[in-house]
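1. Here's my sequence, what's the structure:
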Amino acid sequence: MMDINLEQARYNMIEQQIRPWDVLDQDVLDLLMRLPREDFVPDEFRNIALADMNTPVNHDQVMMAPKLEARMLQALNIKADETILEVGTGSGYVTALLASQARYVYSVEIDPALKTQAEQRLARHNIGNVTLEEGDAARGWKAHAPYDVIVLTGSVPLLPDAFKQDLKVGGRLFAIVGDAPAMTARLITRVGQAEWAQEDLFETELPPLSNALEPERFVL
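-> Below you'll find the predicted structure:
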C-alpha cells in the first residue's frame, strides 16, 4: 500500500471533517493536530487512521471516527484539574486525548491484548497521567469514583444508572445510547445531588461495549 502524506491528511481531517461538524474549540483542534492518531492504530490501518470512518483496531473493535472524538472533547470541556473514567481503552488514542486535557485518567479495558497494546502506545508518547485497568466496566466502575468526567467509547443500548451516580456534582458523562441504526450521542451533566441535565448532541452509530446492558426484548 502506498504511504499517504500524513501531515496533509491530518490538515484535511481538521478542515474537511472536523471543523465543518461545528468543532470550533481551538484547544481541541490544536490537540488533534498535535497528537498523531496514526500512531494508535495497527500498522495495516495506518493509512486510513485519519479518514472519516470508524477505524478498525483489531479484536473486532473500532475507534470512533475523528469528528465524533472531536465533538465529544468539545462537549465535555475538560479542565486541567479533572479526573476521568474512560470505559473501553481500545487503541489508547481517546485515552491519550483525555489525558492531554485532564489531571488523571482511569481507563478500563476488558480485552487484555488491547490493554497491553494501549499501554505501549501511551508509553511511546510519554503519557503518564493514566492508569489502565483490566476489567468489565460496561455497567459501572466505582473503584475511583466520583469522577469529573466519564466517557464510554462504545455504545450502550441502555445507559446504566451507575454512571450517573458516579459523577461529581458538575461532572459530565458522554455516552452513545440506543440500538443501530438509531443511536444518540448524549451529554449528561450532574447539576445536583439528585438532579441531572441531558443534552442530545448528534445521531451516529457505533458498536456496543462488550456486555453492555440490554433492554428486555419482546420475543414472539
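
2. Give the partner strands of the strand or helix carrying Met183 in its sheet and their orientations.
-> Using DSSP states H and E, the element containing Met183 is strand 182-192. Strand 182-192 has the following sheet partners, assigned by DSSP bridges: strand 167-179 (antiparallel), strand 195-204 (antiparallel).

3. Of those strands, which stretch is the most buried?
-> strand 167-179 (a mean of 19; mean count of other Cβ atoms under 10 Å). All C-beta spots, glycine's among them, are computed from the backbone N, C-alpha and C.

4. so who does the closest residue to Phe202 other than its chain neighbours touch?
-> Distance criterion Cβ to Cβ, 6 or more residues apart in numbering; nearest residue to Phe202, sequence neighbours excluded, is Ala185 at 5.1 Å. The contact partners of Ala185, by Cβ atoms under 8 Å, 6 or more residues apart in numbering, come to 68, 71-72, 174-176, 200-204.

5. ok, back up a step: let me have the strands paired with strand 182-192 in JSON lines, adding distance to Asp25 as columns.
-> Shown next, in JSON lines, are these (distance: least, Cβ to Cβ, whole Å):
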{"stretch": "strand 167-179", "distance to Asp25": "15"}
{"stretch": "strand 195-204", "distance to Asp25": "14"}
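
6. and Asn77, which of those is closest to it?
-> strand 167-179 (7.6 Å; Cβ to Cβ).

7. any residues touching that closest one, and which ones?
-> 72, 75-77, 146-152, 154-159, 163-164, 183-193, 196, 204, 206.

8. just the buried members of those residues?
-> Among the contacts of strand 167-179, those buried by neighbour count (16 or more other Cβ atoms under 10 Å) are 72, 75-76, 147-152, 154-157, 159, 163-164, 183, 185-190, 204, 206.

9. where are the low-confidence patches of the chain?
-> The chain contains residues with pLDDT under 70 at 1-3, 59, 217-220.

10. and the spatially most central residue of it, what is it in contact with?
-> With distances taken as Cα atoms, centre = their mean, the residue of the chain nearest its centroid is Thr153 (4.0 Å). If a contact means Cβ under 8 Å, 6+ apart, then Thr153 has 64, 86-90, 94, 209 as its contacts.

11. go with 7 Å
-> Shown in contact with Thr153 (Cβ atoms under 7 Å, 6 or more residues apart in numbering): 64, 86-88, 90, 94.

12. any idea how far Asn54 is from it?
-> Applying Cβ to Cβ, to the nearest Å, the value for Thr153 to Asn54 is 11 Å.

13. Identify the contacts common to the two.
-> Met64.

14. Helices of this structure, residue ranges please.
-> Using DSSP state H, the helices found in the chain span residues 6-12, 26-34, 66-76, 93-101, 112-124, 161-165.

15. export these to CSV and tack on distance to Ala137?
-> Below are these laid out as CSV (distance: least, Cβ to Cβ, whole Å):
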stretch, distance to Ala137
helix 6-12, 31
helix 26-34, 25
helix 66-76, 17
helix 93-101, 13
helix 112-124, 12
helix 161-165, 9
